[in-house]
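S.K.: sequence and computational prediction follow.
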Amino acid sequence: MRGNLILVIVLVLTQISGCTPSRHEMGLAVVRQMGDVPCFSIENTEKTRVGKPNLVAIEVVGEHGEKVWAIEFKKLPPLTPDQCIPYGQTIAVYPPLVPAGPLIPGQVYGVSIIAPLQDQYEAHSYSAEFCLLKHSGSGVRVHQIQMDMEASRWMREVCKVEITN
């Protein structure tokens, strides 16, 4: 009981003093195809077009949370929604923290992009899920997993289907 009272008092005092904890919003990452690999970007909104998001890091994880690629950046030009970073691409001065492993068709992957905007109340990270769809031939197609708004669920099962065209 006493702990709850202290928490309430602290929250009231921060509101009175004008100090509020900073919020960090999550935005949508965009996954598109570049050759046979995914290419990662941030959502195209007015704020991301003019807010100069500072690309800090990209991390890709597998279905069980294991990192399959991770890289950190410093002092790059701002990332714009029309730019994308291909999976596994590195820059000599920024070696990967986790080298890019092979992506397996049919498995679901998650990507997180840390690219804060200048305003602390705007998005600072972006995420999405994706997979590689199998073709009846030898190629693959990058697919960003979408939300089924009617069923309120992510449509991950499409990743297990083989494309015949």
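M.R.: Here it is on my side, so go on.

S.K.: Glu43 and Leu117: what is the separation?
M.R.: 12 Å (Cβ to Cβ, to the nearest Å). Just so you know, the C-beta spots here come from the backbone N, C-alpha and C atoms, and that holds for glycine as well.

S.K.: ugh, wrong one, I meant Leu133
M.R.: Distance from Leu133 to Leu117, by Cβ to Cβ: 32 Å.

S.K.: thinking again about what came up before, look at Glu43 and Leu117 and report which has more neighbours.
M.R.: Leu117 (20 against 14; other Cβ atoms under 10 Å).

S.K.: report the contact partners of the closest residue to Glu72 other than its chain neighbours.
M.R.: Closest residue to Glu72 apart from its sequence neighbours, by Cβ to Cβ, 6 or more residues apart in numbering: Ala57 at 4.6 Å. By Cβ atoms under 8 Å, 6 or more residues apart in numbering, Ala57 lies in contact with Ala70, Ile71, Glu72, Phe73, Ser112, Ile113, Ile114.

S.K.: can you give me the buried ones in stretch 91-111?
M.R.: Pro96, Ala100, Leu103, Pro105, Val108, Tyr109, Gly110, Val111 (16 or more other Cβ atoms under 10 Å).

S.K.: any weak-confidence spans in the protein?
M.R.: 1-25, 49-51, 93, 118-123, 138, 161-165 (pLDDT under 70).
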